[in-house]
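Visitor: Below is the sequence, then the predicted model.
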Amino acid sequence: MGSLIRSMARRQARTSTVARPAVPWVAYAPPAAVEVVDTPPAIKPDKGLLGGSCNRTACQAPGATWVHADSGAHYCRSCALEINRWARRDHGTLLCSPIKPVEPRHCDDYIDDPAQPECLRRFLAYNRLPAAAKYPTDNESYNARMEEYLGCAMWRDPVPALFADHAGRRVRVVMASRFGDVGITTNLDAERGYVARVAVDDLSNFSATPA
Ligand SMILES: [Zn+2]
């Protein structure tokens, strides 16, 4: 095709000196309005919001759970990683990081919080002690050496009990775990043996006695 066009052009060049018949003017008609294919994408109302649509206009995928450190806008994971790739290359830093789900407050946080009920704080303080500190012996010099070793005082008061409301029922709290949750049972006489593990936040109306 190219060679054909070139040979025709050469032939035309050779005959260019020959007078060509006059071509009548043809009115130039502009093409019909071309439909704009590249319409700007619709902006979703939750664009850039946490858990909403990705802030990159061309993406706007649901589940924007990565936050941009500068703008505070939220992106989907794939766009956030792409932004980070460029940021690392150009600035040696990462801009986007995933939002971690809000975790319930660890039970240890309540122990030193004066705003919390005393019975809750005492129950947790006891139950989160090292096991050896829960059971002082009759031998005070042994206890003293153990306290020195543990770095905390032994619990010499009566073992505290704790009751609370959970999901509309009165429950007894019988365990506090290092993971931050507590164990509960609906058997108010039980001192151990939980049937469910819940966050302290899920409990209310604390008391040291069942009522
Ligand atoms: Zn995206």
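Guide: Cool, got the structure.

Visitor: From here on, just use CA atoms for contacts and neighbour counts.
Guide: Will do.

Visitor: contacting residues for residue 42?
Guide: With Cα atoms under 8 Å, 6 or more residues apart in numbering as the criterion, no residue contacts residue 42.

Visitor: Do you know the pLDDT at residue 78?
Guide: Note on residue 78: pLDDT of 94.

Visitor: State the three-state secondary structure for it.
Guide: helix (DSSP: H, G, I helix; E, B strand; the rest coil).

Visitor: can you count the residues close to residue 136?
Guide: By other Cα atoms under 10 Å, the residues close to residue 136 number 17.

Visitor: wait, isn't it in contact with residue 153?
Guide: No: judged on Cα atoms under 8 Å, residue 136 makes no contact with residue 153 at a distance of 9.6 Å.

Visitor: After the lowest-mean-pLDDT helix or strand in the chain, which helix or strand is next? Please name it.
Guide: Least confident helix or strand of the chain, by mean pLDDT, DSSP states H and E, is helix 2-14 with a mean of 53. Moving toward the C-terminus from helix 2-14, the next helix or strand (DSSP states H and E) is strand 66-68.

Visitor: which helices and strands does the very next helix or strand once past that following strand pack with?
Guide: The helix or strand immediately downstream of strand 66-68 is strand 74-75, counting by DSSP H and E. With contacts taken as 3 or more Cα pairs under 8 Å, 6 or more residues apart in numbering; DSSP states H and E, strand 74-75 sits against strand 66-68.
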